[in-house]
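A.B. asks: Below: sequence and its predicted model.
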Amino acid sequence: MSAEAELEKLHQTWINSFEQRDAKACAACYTVDAWVLSSYGDNAHGRDAVEIAMQGWIEGGAKNKKVTDLELSIDNDLAYSIVAYSEDYDNDDGTVFTETGKSVNVFKRQTDGSWKFHVNVLTSDNPSSE
């Protein structure tokens, strides 16, 4: 399988794990010393902290996550991608709010040849008015 296909599969595994509301499986897609830097909450460093962050996102009600690759570059054991993402939230009045943003991801190839997220930086297209 090509590195591009492996990275696409990793992203899909993460999305499937999220839709199944499985924070532990989401975190398993990250290196043990990964970083998640997010405008949506506290930053996380390390897989255990990533799992806690993922649980918070799941409990926040996000669903129907989608990602669209904007750019991907692979160089030996490191890769990066820029993706556009969207996710839906149910409002109290029955309407749905769709959050959109961009994510920059750095991936590391592991000693077994698999790929994991190492750095994940998320930015919203809908900045808070606070």
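C.D. replies: Looks like it came in fine.
A.B. asks: in stretch 120-130, what counts as buried?
C.D. replies: Neighbour counts over stretch 120-130 (16 or more other CB atoms under 10 Å) mark Asn120, Val121, Leu122 as buried. In this view, the C-beta of every residue, glycine as well, is placed from N, C-alpha and C.
A.B. asks: Save those as TSV, and put in pLDDT, secondary structure and distance to Ser2 too.
C.D. replies: Shown next, in TSV, are these (pLDDT from 0 to 100; DSSP: H, G, I helix; E, B strand; the rest coil; distance: CB to CB, whole Å):
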residue	pLDDT	secondary structure	distance to Ser2
Asn120	96	strand	22
Val121	97	strand	25
Leu122	94	strand	26
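A.B. asks: Let me know the closest of those to Asp112.
C.D. replies: Asn120 (20.8 Å; CB to CB).
A.B. asks: Return the distance of Gln12 relative to Ser38.
C.D. replies: Counting by CB to CB, to the nearest Å, the gap from Gln12 to Ser38 is 21 Å.
A.B. asks: Of those two, give the one with the bigger neighbour count.
C.D. replies: More crowded of Gln12 and Ser38, by other CB atoms under 10 Å: Ser38, with 19 against 11.
A.B. asks: Give me the phi and psi for that one.
C.D. replies: Torsion angles at Ser38 (phi, psi; degrees, to the nearest 10) stand at phi -130, psi 140.
A.B. asks: quick one: Tyr30 and Val119 touch, right?
C.D. replies: No. Using CB atoms under 8 Å, Tyr30 is not in contact with Val119; the gap is 9.3 Å.
A.B. asks: Would you mind telling me which of those two has the busier surroundings?
C.D. replies: The neighbour count for Tyr30 versus Val119, taken as other CB under 10 Å, is higher for Tyr30 (27 against 16).
A.B. asks: contacting residues for that one?
C.D. replies: Tyr30 makes contacts with Val36, Arg47, Val50, Lys116, Phe117, His118, Asn120, as judged by CB atoms under 8 Å, 6 or more residues apart in numbering.
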